[in-house]
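Novice: Compute the structure for the input listed below.
(2 chains)
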Amino acid sequence: MSAANPGFPVPVPDADTQPFWDACARGELLIQRCGACGRWLWQPRPICSSCQKPDPVWTRVSGDGVVASWMVMRPPTLPAFAERVPFVILLVELTEGVRLIGYLVDDQGRLLTTDGAAERVAIGARVALRFHDQAGTPLPCWTMAARRV
Amino acid sequence: MVTRTPRAARRRQAAVVGIYALPFSKNIGMTERRAGGLAILGALDDAGLTVADVDGMFRYVWEGTTEMEMARVLGVQNLRMFGEVDYGGGAGAPTVSHAALAIENDLADVVVVWRARNRSSGGRPWVSQLHATGQDQFERPYGLVRPVDGMALHTRFWIHRYGWTPEVLGRVAVTQRGHARRNPAALMQKPMTMDDYLGSRMIADPLRLFDCCLETDAAMAMVLTSAERAVDLKTPPAYVTGFGMGSGPQMTAMTFYYGERLGETPSRYVAPELWRNTGLTPRDIDVVQFYDAFTPQIPLGFEEYGFCGEGESPAYMADGAAPPYNTSGGGLSEAYVHGFNLLVEGVRQVRGTSTSQVANVRHSLVTSGNVVPTGAIVFSKEPW
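Specialist: Sure thing, here's the model as predicted:
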């Protein structure tokens, strides 16, 4: 990879996914919703896989959700990631019902060096959307939502 | 009596008549083309056939040598049937199934399938995959680059849903190492205890080193022909009783987190096809080779293929009710060949030549993939 991107895999958008990444650059999370049947769809696609109507509508969502699953990265992996271990990868289920991958980050969107214990990461825990800048790529990520006391 | 009308109505049955493996190693010291060619010649010799008999070839899409290149190298005069099956290790049983279909339908007489992979000396394919297209663009930038990463997110969910302790997966690793130590061809000969398993380092927490398959250079091949031709050959046939394939909804390879039922694998969909197609039930199966890139695939396999109910596999496996599984050591302790060693071991169990031979095997089940679109196949001692 070029010096501008030190070895992280980079998203290569196409016409079906470009609106998602354009929105990330604005700090917004867009998910497709079918204009006919109302179904939320992920990953991006040109046709609703529930009712087959073309061109689901890109719709802004809050990004609020819960942890559906999670893992802790350990070596051996790509050098760019190995430099950052341990860190947590989340599978987040949004309020809308779709599931996305993201890092566990702090309130400012910085990657946390953690095995998840201090943050009490657990399936079902509530999380909130943040964006993490990875060598110029804005990635949707999640931070633990404030617990009720 | 089971009803086998759908399959028995076919004109011909296929049988595996030749198997062969080059020695497993960390560095086989030759190209996949050469190793694959030698494995095919070995399997033909095992059957008492020659290249002149071959008129069909099927391969995994991930096989580096195409059927045409292999046919050129070996001097096959004409391939009447050929093709490829995709999705990594999901392609194992489906590739053999395609070969059987060609024979059953009288479209080929002698069909070769093989897998040659320098997955150890050739390096890790994921290290160079830095441009994330398609589904990968939403996963790989976060570090979900290794197969084990995709598996770890599923595994955490299964642990949560089913209450698995680490020992549930440890028992798989320890059991298969025991099988490997009876198999001189297996790469892993060192004893493994539960403490060894529990002490192995995390690779993709919750998965440890000993939850993962090996990185192996290997080349293996299998030859199939019709049942009527098989009886005249020098090896006892392993008859193909039936097979099934399946994907399930919203399927990707490895990272299928996006459908409605998180944690449900393609095997849920393969299993009913397999049992319908074979006319068998899990109670008819004497020995199993479950695809084992990672340990969780064994308890899940027992559940998804209906050997026990959902969530019951830890108790089922602990109380000795389960049939012997992965008797060569499998991908965890013999060699990782995208499941081709499991197919060959499934045939050996029918022949009676396994190093962990199960007594009186009538039906031998081999599954593939499990977390990718895949299939399963049953080899049997007797024809339909």
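
Novice: which SS state does residue A:19 fall under?
Specialist: Counting by DSSP: H, G, I helix; E, B strand; the rest coil, the backbone at residue A:19 sits in helix.

Novice: Check it and give its pLDDT.
Specialist: Residue A:19 carries a pLDDT value of 98.

Novice: Wait, it touches residue A:58, no?
Specialist: Yes - if you go by C-beta atoms under 8 Å, residue A:19 and residue A:58 touch, sitting 4.8 Å apart. Every C-beta, even on glycine, is put in place using the N, C-alpha and C of the backbone.

Novice: What parts of chain A come near chain B?
Specialist: Applying C-beta under 8 Å from any C-beta of the partner chain, we find that chain A lies next to chain B at A:1, A:7-14, A:17, A:42-43, A:49, A:68-74, A:76-78, A:81, A:86-87, A:89, A:91, A:98-103, A:115, A:123, A:134, A:137, A:139.

Novice: you'd agree residue B:377 is in a strand?
Specialist: Yes - under three-state DSSP, residue B:377 sits within a strand.

Novice: Let me know whether it touches residue B:240 as I believe.
Specialist: Yes - if you go by C-beta under 8 Å, residue B:377 and residue B:240 touch, sitting 6.6 Å apart.

Novice: How are the helices of the stretch 101-250 of chain B distributed by residue range?
Specialist: B:147-162, B:166-181, B:194-199, B:227-230 (DSSP state H, counting those that start in this stretch).

Novice: Please identify every residue contacting each of residue A:19 and residue A:58.
Specialist: residue A:30 (C-beta atoms under 8 Å, 6 or more residues apart in numbering or on different chains).

Novice: Please list the residues of the stretch 1-150 of chain B that sit near chain A.
Specialist: So far as C-beta under 8 Å from any C-beta goes, the stretch 1-150 of chain B lies against chain A at B:126-127, B:129-133, B:135-146, B:149.

Novice: shared neighbours of residue B:377 and residue B:240, anything?
Specialist: Joint contacts of residue B:377 and residue B:240 (C-beta under 8 Å, 6+ apart) are B:96, B:97, B:100.

Novice: Which ChimeraX command selects the buried ones in those residues?
Specialist: Burial among the shared contacts of residue B:377 and residue B:240 is assessed by 16 or more other C-beta atoms under 10 Å in any protein chain shown; the matching ChimeraX selection reads:
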select /B:96,97,100
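
Novice: Save the shared contacts of residue B:377 and residue B:240 as a markdown table, and put in pLDDT and secondary structure too.
Specialist: Compiled in a markdown table, those are given as follows (pLDDT from 0 to 100; DSSP: H, G, I helix; E, B strand; the rest coil):
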| residue | pLDDT | secondary structure |
| --- | --- | --- |
| B:96 | 98 | helix |
| B:97 | 98 | helix |
| B:100 | 98 | helix |
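
Novice: what residue ranges in chain B score low on pLDDT?
Specialist: For chain B, applying pLDDT under 70 flags the ranges B:1-10.

Novice: Can you list the residue ranges for strands in chain A?
Specialist: For chain A, the strands defined by DSSP state E occupy A:10-11, A:29-33, A:40-41, A:57-61, A:65-73, A:87-94, A:99-103, A:126-134, A:137-144.

Novice: Is it possible to get these out as a markdown table so that each row also shows mean pLDDT and mean neighbour count?
Specialist: Converted to a markdown table, those look like this (pLDDT from 0 to 100; neighbours: other C-beta atoms under 10 Å in any protein chain shown):
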| stretch | mean pLDDT | mean neighbour count |
| --- | --- | --- |
| strand A:10-11 | 96 | 21 |
| strand A:29-33 | 98 | 20 |
| strand A:40-41 | 98 | 19 |
| strand A:57-61 | 98 | 14 |
| strand A:65-73 | 98 | 24 |
| strand A:87-94 | 98 | 24 |
| strand A:99-103 | 98 | 24 |
| strand A:126-134 | 98 | 19 |
| strand A:137-144 | 98 | 23 |
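
Novice: Save those strands as a markdown table, and put in distance to residue B:347 too.
Specialist: Converted to a markdown table, the strands of chain A look like this (distance: least, C-beta to C-beta, whole Å):
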| stretch | distance to residue B:347 |
| --- | --- |
| strand A:10-11 | 44 |
| strand A:29-33 | 47 |
| strand A:40-41 | 44 |
| strand A:57-61 | 52 |
| strand A:65-73 | 36 |
| strand A:87-94 | 38 |
| strand A:99-103 | 40 |
| strand A:126-134 | 48 |
| strand A:137-144 | 47 |
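
Novice: ok, back up a step: which one of the helices of the stretch 101-250 of chain B lies nearest to residue B:371?
Specialist: With C-beta to C-beta, the closest approach to residue B:371 among the helices of the stretch 101-250 of chain B belongs to helix B:147-162: 6.4 Å.

Novice: tell me, what residue is most central in chain B?
Specialist: In chain B, the residue lying closest to the centroid (C-alpha atoms, centre = their mean) is residue B:339, at 3.1 Å.

Novice: who's in contact with it?
Specialist: By C-beta under 8 Å, 6+ apart, the residues touching residue B:339 are B:89, B:92, B:93, B:291, B:331, B:366, B:368, B:369.

Novice: now residue B:237
Specialist: Counted by C-beta under 8 Å, 6+ apart, residue B:237 has contacts B:15, B:16, B:17, B:227, B:230, B:231, B:383.

Novice: Buried ones among the residues of the stretch 1-150 of chain B next to chain A?
Specialist: Applying 16+ other C-beta under 10 Å to these flags B:126, B:130, B:132, B:135-146, B:149 as buried.
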